[in-house]
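Participant: coordinates for the following, if possible.
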Amino acid sequence: MALGERIGHVFRGAAIGVAEAVPGISGGTIALVTGVYERLITSAGHVVNAVRYAVSDVPRGRGWRRAGQQIGYVHWSVVLPVFFGMVPGLLLAAKLLEPVLTEYPEHTRGLFLGLVLASVAVPVSMAGRPWRLGHVVALALAAVGAFLLTGLPQAELTPHPLVVLVVAAVAVCALVLPGVSGSFLLLTVGLYEPTITALNDRDLGYLAVFATGLVIGLASFVKLLQWLLDRHRRMTLAVMAGALLGSLRALWPWQTEERSLSAPGDNLLPILGLFLLGLAVVGTMFVAEQRRLRRAAQELTTQESTYQPPESYRTPVNR
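Facilitator: Sure thing, here's the model as predicted:
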């Protein structure tokens, strides 16, 4: 893989990390838009398999062969740069975006509304055509479910270690499921501010419990999602598109603290400008990724059409 592409993956990871710190926008959405989603999901599935084989084979004296094979299947050229970009992106967002969200909530929601709305094109394009009635119904049901979920009033949970563990296991689904924001789930149960504070203050005890929950949730969910993408790809992508549409409720700029929606009011023009900027950013990323995929497909087709088998494989022609 070229150095420029690796650097691109670092920036993609940074964008995913920033998204994970922002309530209402999913890191999985950014992974979809930037074209690394399926490789990350596949790699996570191989890592889970590797751990499972290591736990089952090594104590029985079967060695590390199967675990090593799974580790070899991981797209490390994508995973490592994304990870190295994601960590500083998350830390930077936790430090800088929190006051921005507090001071300019309507403006930031307007920007994110444009980002996520444009992102709906990604799973729709990946699903391909034609769409059946079942796919449309699944999209509609997912949109309604996400809309209702993002309208739930905020609760207040005590950050007990067991509570933090369970909530983190559920919130990590947002990392692999576009349309569901892990930060928004934390906000809904009242653990967003304690988690951001722990991240900024380097509270290692809290962060260790939270990270354990992330690992448990990721190991439990990623294999299911990988299976769904393998066996029911179009239906799964339809549900993802619906979840993205429904999650737009959380990003409507004009809403009360109780999450009741209201008509557009103050600052309409700057918010509209930020909304259009969000549409343009994701739209540009989407078009660039589609062009990259088309170029890769054309190069593969060209290589196949110009391939000449070795002399020993060629069938002699009778004269």
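Participant: wait, Ala138 touches Met240, no?
Facilitator: No. With contacts counted by C-beta atoms under 8 Å, Ala138 stays clear of Met240, the gap being 9.9 Å. Every residue, glycine included, has its C-beta placed from N, CA and C.
Participant: ok, those two, which is more surrounded?
Facilitator: Ranked by neighbour count (other C-beta atoms under 10 Å), Ala138 and Met240 place Met240 first, with 32 against 22.
Participant: just give the nearest non-adjacent residue to that one, would you?
Facilitator: Counting by C-beta to C-beta, 6 or more residues apart in numbering, Pro123 is the residue found nearest to Met240 once chain neighbours are left out, at 4.3 Å.
Participant: least trustworthy helix or strand in the chain by mean pLDDT?
Facilitator: helix 173-176 (a mean of 66; mean pLDDT, DSSP states H and E).
Participant: identify each buried residue in the helix or strand hosting Gly283, please.
Facilitator: Assigned by DSSP states H and E, Gly283 belongs to helix 268-306. For helix 268-306, the neighbour count (16 or more other C-beta atoms under 10 Å) marks Ile271, Leu274, Phe275, Gly278, Leu279, Val282, Gly283, Met285, Phe286, Glu289 as buried.
Participant: host element of the residue nearest to Met240?
Facilitator: Using DSSP H and E, the element containing Pro123 is helix 121-127.
Participant: now that helix, how far from the chain's geometric center?
Facilitator: Its chain's C-alpha centre and that of helix 121-127 lie 14 Å apart, by C-alpha atoms, centre = their mean, to the nearest Å.
Participant: stretch 207-217 too?
Facilitator: Counting by C-alpha atoms, centre = their mean, stretch 207-217 comes out at 18 Å from the chain centroid.
Participant: likewise stretch 276-286?
Facilitator: The answer for stretch 276-286 is 17 Å, by C-alpha atoms, centre = their mean.
Participant: packing partners of the helix or strand hosting Leu224?
Facilitator: Following DSSP H and E, one finds Leu224 within helix 204-231. Helices and strands touching helix 204-231, by 3 or more C-beta pairs under 8 Å, 6 or more residues apart in numbering; DSSP states H and E, are helix 37-57, helix 161-171, helix 173-176, helix 192-201, helix 233-247.
Participant: next, the angle helix 192-201 makes with that helix.
Facilitator: Between the axes of helix 204-231 and helix 192-201, defined by axes from the mean of the first three to the mean of the last three C-alpha atoms, to 10 degrees, the angle is 110 degrees.
Participant: avg pLDDT for helix 204-231?
Facilitator: What helix 204-231 shows for mean pLDDT is 82.
Participant: same thing with stretch 137-151?
Facilitator: 86.
Participant: list the buried residues of that stretch.
Facilitator: Ala138, Leu139, Ala142, Ala143, Ala146, Phe147, Leu149, Thr150, Gly151.
Participant: can you tell me which of those residues is nearest Arg202?
Facilitator: Arg202 has its nearest neighbour among those in Thr150, at 30.6 Å by C-beta to C-beta.
Participant: and the closest one, backbone torsions?
Facilitator: Main-chain torsions, Thr150, degrees, to the nearest 10: phi -80, psi -10.
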